[in-house]
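> Attaching a predicted model along with its sequence, questions to come.
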There are 2 protein chains.
Amino acid sequence: MMGTIRDINMSAANAPTAPLPSGQGIAADLIAVLVAVTESEPLVLTIQDERALPSGPFELAHRSLQSGLRAWVERQTRLPLGYVEQLYTFADRDRGGAEQQVISISYLGLTREQRAAGEFVATWRSWYVYFPWEDHRVGAPAMIETVILPRLRAWAEALPASSLRHDRWQRAAITFGFDGRAWNEELVLQRYELLYEAGLIAEAERNGPLSPARSLAANDSSPSMGRAMILDHRRILATGIARLRAKIKYHPVVFELMPETFTLLQLQRCVEALAGRLVHKQNFRRLIEQQELVEETGETSQDTGGRPAKLFRFRREVFTERAIVGTKLPISRA
Amino acid sequence: MMGTIRDINMSAANAPTAPLPSGQGIAADLIAVLVAVTESEPLVLTIQDERALPSGPFELAHRSLQSGLRAWVERQTRLPLGYVEQLYTFADRDRGGAEQQVISISYLGLTREQRAAGEFVATWRSWYVYFPWEDHRVGAPAMIETVILPRLRAWAEALPASSLRHDRWQRAAITFGFDGRAWNEELVLQRYELLYEAGLIAEAERNGPLSPARSLAANDSSPSMGRAMILDHRRILATGIARLRAKIKYHPVVFELMPETFTLLQLQRCVEALAGRLVHKQNFRRLIEQQELVEETGETSQDTGGRPAKLFRFRREVFTERAIVGTKLPISRA
DNA sequence: TGCGTAATGCTCATATGGAGTATAAGACTA
DNA sequence: TAGTCTTATACTCCATATGAGCATTACGCA
């Protein structure tokens, strides 16, 4: 599913080409979305004036891609990677130079620490700098109403056929929760793709006009539409955020972002930072405790501002105790 | 997470190597897991005497990997691909020849038709031929009790330390549902990896001994352990099955495998074929209907063997009507 | 001592999912 | 033609999960 929209739009640039003469090869890059959470802010590691994700060539020294990325990140940043997961591999022709094709393999990595160390200059940045419309913790950001909604409406209205206008607007309404629909925090990538298609994202301009409809839309990517990145790094970041937001709901990966011991509120704030929305405190505690994901350390934290909170630690045994997955079909357990 | 187990085992073979001299490149392959379902059997397209998944070099003629795979499959097999999804990219060093590194990008594709046509000889085969322990539709296969259980127990007992023995056995118990645990049909890959590690899979022998513990285990991969495949194609197939079994629970992809019109029982049998277990008929219908995934055609099918069944068709509108995802966190809807 | 801020305990209504009962409508057969 | 087999289809029941709110407790601080 991913990339479908972009594919369609770029089909104009699709000319038949001969396969590569064998003997010549393709270059492979690793691109990392490294995430940490500090003081209720979800951070992503960036380089190049905060306009790029860390990346590097895939070296054959490694026995697998996964270990290649891990070694490379830990050498460059001195960060211990708690959790690593492959995101997506792409090789769109419009990326990079024309002479050699580059395959990019992107990874999501979670870490506890976030001191900027290592061989190159890297900066931790809140990912909401790149996606200001994604943070709904204090309500929907005003810019959705004032900036995004009118432009997407104009973009939809720019179509000739009524049914197509309707489809476009419905897509916008679903992804952004217009017309009284609920906000769905997992649709990070879909929202980015939609804005890209509508010409509201700075990166879209660099790749030339997408379609005639584009020029009809409000075709300026204002600074309020988030910080731009090189190539399609922002799309990769969107993929990582979407994956992480989905993952925390059925797999205990949040704990890879937490210190050794923590209060339940700290844990909650971490989840909220990632999800970009608030959760019901009592129900959150109930969920965590009934799943026996944590155990008390016996100590309490005084610096809560109110009543002292018990400190907990993650029960790593859960990984060996049970397989953690979800279910939705009416499958008989007999 | 994926591949972690294998990674650990092969760390003995991990020698530091210089990065490739720039200028030379890497070869990229596409590998396809193509699935169809006919008469309650989940089929996968195979080549080379049913011992390989269809694969081919990634050609630069395509604007993206996705379209590259689609074009290539449709040209080779003349099958219309309804749904395509990237599975995983890997580049383990022990695959293929040593002279050139190959990156393999695997895809899952769903199709309705299954006539063997196209430029090369391909065969549709039930995927349970490769994973006989995965079909629980008529109860757990006897070979789990008679073959797998005793060998995994021996494999666990072969360890010196009691705690390690316990860990191994617990892993086996979780993935295969021993000791009164429930069977989890999504753990296809975990089960394959476990059997591989325990030396019960023919493919493991080709890659040399994994660890000293291996020789202590019942180290013969009997024919009852399923048909072997070249390289790690069987692992890729396991990945595809696992992904599909998980996906059908929250995304309406089953319909890509169904004919235009179908009865609810046909749909149920298709789901059961994929999941490898039975579902409660009445609840299945309730679920399908309350989600408004299908609409009546007005006609009925007589060849049910009993009371004629209404024919339904998939409501493609659901894709534009709503975003289809799941939720598990206590997220406020206010 | 009173207030602000959290932690923590408990209740309640509703939604969801697993499982069973009952009835309907065809084909087939004695 | 009645009886039987098979499948479709309509409901009911119950346990549990989930969303939401109320009440109480416990600390720092003015």
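Great, that's in hand.

> contacts and neighbour counts: CA atoms only from here.
Fine.

> Name the surrounding residues that touch the helix or strand where residue A:298 lies.
Using DSSP states H and E, residue A:298 sits within strand A:294-301. With contacts defined as CA atoms under 8 Å, 6 or more residues apart in numbering or on different chains, strand A:294-301 is touched by A:261, A:263, A:288, A:308, A:309, A:310, A:311, A:312, A:313, A:314, A:315.

> Which two among those are spaced furthest apart?
Of all pairs drawn from these, the greatest distance, 21.8 Å, lies between A:308 and A:315 (CA to CA).

> pLDDT on the following helix or strand past the strand holding residue A:298, on average?
Going down the chain from strand A:294-301, the next helix or strand is strand A:309-314, by DSSP H and E. The predicted model assigns strand A:309-314 a mean pLDDT of 93.

> Please identify the pairing partners of strand A:309-314 and their relative orientation?
Using DSSP bridges, the strands paired with strand A:309-314 are strand A:261-262 (antiparallel), strand A:294-301 (antiparallel).

> looking at these, which is closest to DNA strand C?
DNA strand C lies closest, by CA to the nearest atom of the strand, to one member of the strands paired with strand A:309-314: strand A:294-301, at 7.4 Å.

> Next one: the closest one, is it in contact with DNA strand D?
No - counting by CA under 7 Å from any atom of the strand, no contacts exist between strand A:294-301 and DNA strand D, the nearest distance being 9.0 Å.

> picking that back up, now mean pLDDT and mean neighbour count too, for the strands paired with strand A:309-314, in CSV please.
Formatted as CSV, the strands paired with strand A:309-314 follow (pLDDT from 0 to 100; neighbours: other CA atoms under 10 Å in any protein chain shown):
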stretch, mean pLDDT, mean neighbour count
strand A:261-262, 94, 20
strand A:294-301, 89, 14
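
> can you put the ones you listed in a markdown table and add distance to residue B:70?
Listed next are the strands paired with strand A:309-314 as a markdown table, based on distance: least, CA to CA, whole Å:
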| stretch | distance to residue B:70 |
| --- | --- |
| strand A:261-262 | 48 |
| strand A:294-301 | 46 |
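
> right, so of the ones you listed, which gets closest to residue B:284?
Closest approach to residue B:284 among the strands paired with strand A:309-314 (CA to CA): strand A:294-301, 35.3 Å.

> For that closest one, list the C-alpha coordinates in PDB.
The C-alpha trace of strand A:294-301 is given here as PDB (Å, rounded to 0.1, in the frame of the first residue of the first chain):
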ATOM      1  CA  VAL A 294       5.700  -3.700  35.300                       C
ATOM      2  CA  GLU A 295       6.700  -4.400  38.900                       C
ATOM      3  CA  GLU A 296       7.200  -2.100  41.800                       C
ATOM      4  CA  THR A 297      10.700  -1.300  42.900                       C
ATOM      5  CA  GLY A 298       9.600  -0.600  46.400                       C
ATOM      6  CA  GLU A 299      10.800   3.000  46.200                       C
ATOM      7  CA  THR A 300       8.900   6.100  45.500                       C
ATOM      8  CA  SER A 301       9.500   9.300  43.700                       C
END
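
> What helix or strand is the most centrally placed residue in chain A located in?
Nearest to the mean C-alpha position of chain A, counting by CA atoms, centre = their mean, stands residue A:241 at 1.8 Å. Take DSSP H and E as the rule and residue A:241 turns out to sit in helix A:233-247.

> Give me the nearest residue to residue A:271, chain neighbours excluded.
residue A:254 (6.9 Å; CA to CA, 6 or more residues apart in numbering or on different chains).

> To clarify, my last question referred to residue A:247.
residue A:253 is the one closest to residue A:247 (CA to CA, 6+ apart), at 7.4 Å.

> again, but for residue A:239
Closest residue to residue A:239 apart from its sequence neighbours, by CA to CA, 6+ apart: residue A:189 at 5.6 Å.
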